[in-house]
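S.K.: Below: sequence and its predicted model.
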Amino acid sequence: MKTTSFWTDDFPRPTGLSSSLPSEADVVVVGAGVTGLAAARRLASAGASVVVLDAGRVGGGASSVSGGMVIYGLKAGQRRVIELVGDRLADELWQASLASIDLVERIVRDDGIDCDYSRAGAAALGFHARDAADLRTQGEWLQATVGFSTEFVDRASIGTVVGGSRFVAALIDGVSAGVHPAKYTYGLAGSSARAGAILVEGAEVTGLHNGGARWVVTTSRGTIGATDVLMATNGYTGTQFKTLRRGIVPIGSYSVVTEPLDAGLAAELIPEGRMLWTHRRFLNYFRMTPDRRLLMGGRANLSPDLDLRRSGEILRETIVDFFPELAGTAVTHSWGGRLGVTFDLLPHIGRIDGVWYALGYGGHGMGIGTYLGHEVAGLLAGELNRSPFAEIEHPHRFYYRKRPWFLPAAAALYRFLDRIGR
């Protein structure tokens, strides 16, 4: 079992993405994941000179190694979003979540990104009768409140959604999509470069100084001046950015894939090729890769630093629990990445001491991360005069400064609530 991402093994990072560090730019973007790249694409297309910096490689964080799911809604759930921000902003945030899927589709189409894009929909899966009742109620509530159509599937028809006997109900949507995340992220990097953005790898930002009219950005490869700076670092935000880091908690997410499956077996396990996840706080998400491997992801622990072989063993046990017929199937890769989670579970656009930022996707980053990058770029370019993501308070907690010491306690609580069905 390799402890490297299947996605980047399958589609390695293209050569020629990185350039040398220029001395000046209109906008310096810190972070070369989908948020930073989508922002650079729009800004450069609007005529700005843009430099994207990354401490590692382009797409070297979570973007190129995620589950590749482009799904509706926000991590907080729409009921909670309404409680937090009220009906008007909640509706705008909901519509943005749907627009994020359309945006990814438009970028893939317009820029000719070959990333195995498929809009086959998705489904939340329930294990027990109480899950079935919750899913049915959720579907009815979404239809009544935001006009979003879903299909509830009961035990009698669950085989049309997922194989095996572990699940008893599903709530299906017809709008969600899937991509090969490495192909999409590297394709987006190519799009931003063709638009005129300069991508610089191995350029860790070690200091930001406001010299009055312009910023001076100090990196491990030299300094660069800029009119504006955008932080697009999400779960990889360093402790050197103290105020921003206090508003974002890095959470580990881990994945494995099996060896390629027989076409008939793959069709039995996930008949329509949907993106699937379990109706739990500690959820598992799974799908078929384009070459018919079962990908299983999840968070049995919130730590971003789990041993990849141990997490691979846990996820292999989950695969066999869900699909006993795969007991003899090899798991070929185990890997992980970092989510960025805010205390209200909402994404945020904001400014701290004049520095722009966009982050906080909670596992919805492929679509929402692309959308917020595009949105904050519209604000910077003067093409937008507002964003709902910039109008919601970004909460901090007094007890969190550098290290998320509270994660083990939070993990224990979530496991307990899942166990009792709350």
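M.R.: Ah, there it is.
S.K.: top helix in the protein by residue count?
M.R.: Selection of the longest helix in the chain by residue count, based on DSSP state H, yields helix 87-110.
S.K.: Residues touching that helix, excluding its own?
M.R.: With CB atoms under 8 Å, 6 or more residues apart in numbering as the test, helix 87-110 has contacts from 38, 41, 70-74, 78, 81-82, 84-85, 113, 115, 117, 119, 146, 148, 175-177, 179, 184, 187-188, 191, 346, 364, 366-368, 370-371, 374-375, 388-389, 391-392. (Each C-beta comes from the backbone N, C-alpha and C, glycine too.)
S.K.: Got phi/psi on the residue nearest to the spatial centre of the chain?
M.R.: Against the mean C-alpha coordinate of the chain, by CA atoms, centre = their mean, the closest residue is residue 365 at 2.2 Å. Here the main-chain torsion angles of residue 365 (degrees, to the nearest 10) amount to phi -70, psi -30.
S.K.: In terms of pLDDT, where does it sit?
M.R.: According to the predicted model, the pLDDT of residue 365 comes to 95.
S.K.: Pretty sure it sits against residue 34.
M.R.: Yes - checked against CB atoms under 8 Å, the pair residue 365 and residue 34 is within contact range at 6.7 Å.
S.K.: Spell out which residues are contacts of both of those two.
M.R.: A shared contact of residue 365 and residue 34, defined by CB under 8 Å, 6+ apart, is any residue touching both; here these are residue 63.
S.K.: picking up where we left off before, so what's the residue nearest to the centre of the chain up against?
M.R.: The contact partners of residue 365, by CB under 8 Å, 6+ apart, come to 33, 34, 35, 62, 63, 66, 234, 339, 340.
S.K.: Please convert those to TSV, extending it with distance to residue 331, neighbour count and pLDDT.
M.R.: Output for the contacts of residue 365, formatted as TSV (distance: CB to CB, whole Å; neighbours: other CB atoms under 10 Å; pLDDT from 0 to 100):
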residue	distance to residue 331	neighbour count	pLDDT
33	26	32	97
34	27	34	98
35	30	33	98
62	21	28	92
63	23	28	95
66	18	30	95
234	28	30	96
339	22	24	93
340	27	27	95
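S.K.: Please give the element, helix or strand, for residue 310.
M.R.: helix 308-322 (DSSP states H and E).
S.K.: Which residue, other than its chain neighbours, is closest to residue 343?
M.R.: Residue nearest to residue 343 in three dimensions, not counting chain neighbours: residue 395, with 4.5 Å by CB to CB, 6 or more residues apart in numbering.
S.K.: can you pull the pLDDT of that neighbour?
M.R.: Among the per-residue scores, residue 395 holds a pLDDT of 95.
S.K.: which stretches of the stretch 251-400 of the chain have low pLDDT?
M.R.: 300 (pLDDT under 70).
S.K.: how about 80 then?
M.R.: Screening the stretch 251-400 of the chain residue by residue with the criterion pLDDT under 80, one finds the ranges 281, 299-302.
S.K.: in it, which spans are helices?
M.R.: When secondary structure is read from DSSP state H, counting those that start in this stretch, the stretch 251-400 of the chain shows helices at 263-269, 308-322, 370-381.
S.K.: Neighbours of residue 157, how many?
M.R.: The number of residues packed near residue 157 is 12, by other CB atoms under 10 Å.
S.K.: Shouldn't it be within a helix?
M.R.: Yes - the assignment for residue 157 is a helix, going by DSSP: H, G, I helix; E, B strand; the rest coil.
S.K.: picking that back up, possible to save the contacts of residue 365 as a markdown table with distance to residue 127 and secondary structure?
M.R.: Rendered in a markdown table, the data for these read as follows (distance: CB to CB, whole Å; DSSP: H, G, I helix; E, B strand; the rest coil):
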| residue | distance to residue 127 | secondary structure |
| --- | --- | --- |
| 33 | 33 | coil |
| 34 | 32 | helix |
| 35 | 34 | helix |
| 62 | 27 | coil |
| 63 | 31 | helix |
| 66 | 24 | coil |
| 234 | 31 | helix |
| 339 | 23 | strand |
| 340 | 28 | strand |
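S.K.: Can I get these in CSV including distance to residue 142?
M.R.: Conversion of the contacts of residue 365 to CSV gives the following (distance: CB to CB, whole Å):
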residue, distance to residue 142
33, 29
34, 26
35, 27
62, 27
63, 28
66, 24
234, 27
339, 24
340, 26
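S.K.: of those, closest to residue 282?
M.R.: Residue 282 lies nearest to residue 339 out of the contacts of residue 365, by CB to CB, at 13.1 Å.
S.K.: so what's that closest one bridging to?
M.R.: Note on residue 339: beta-bridge partners by DSSP bridges are residue 251.
S.K.: Next: the one 10 residues further on.
M.R.: Residues in a beta bridge with residue 349, per DSSP bridges, are residue 358.
S.K.: burial measure for residue 309, as a count.
M.R.: By the measure other CB under 10 Å, the count of residues near residue 309 is 10.
S.K.: measure it to residue 23 for me?
M.R.: Distance of residue 309 to residue 23, computed by CB to CB, to the nearest Å: 45 Å.
S.K.: before we move on, the earlier item: and the contacts of helix 87-110, which of them are buried?
M.R.: Burial of these was assessed by neighbour count (16 or more other CB atoms under 10 Å); the buried members are 38, 41, 70-74, 78, 81-82, 84-85, 113, 115, 117, 119, 146, 148, 175-177, 179, 184, 187-188, 191, 346, 364, 366-368, 370-371, 374-375, 388-389, 392.
S.K.: Please report phi then psi for the residue sitting furthest away from the middle of the chain.
M.R.: Computed with CA atoms, centre = their mean, the residue of the chain farthest from its C-alpha average is residue 212, at 35.0 Å. The main-chain torsion angles of residue 212 are listed as degrees, to the nearest 10 and equal phi 110, psi -90.
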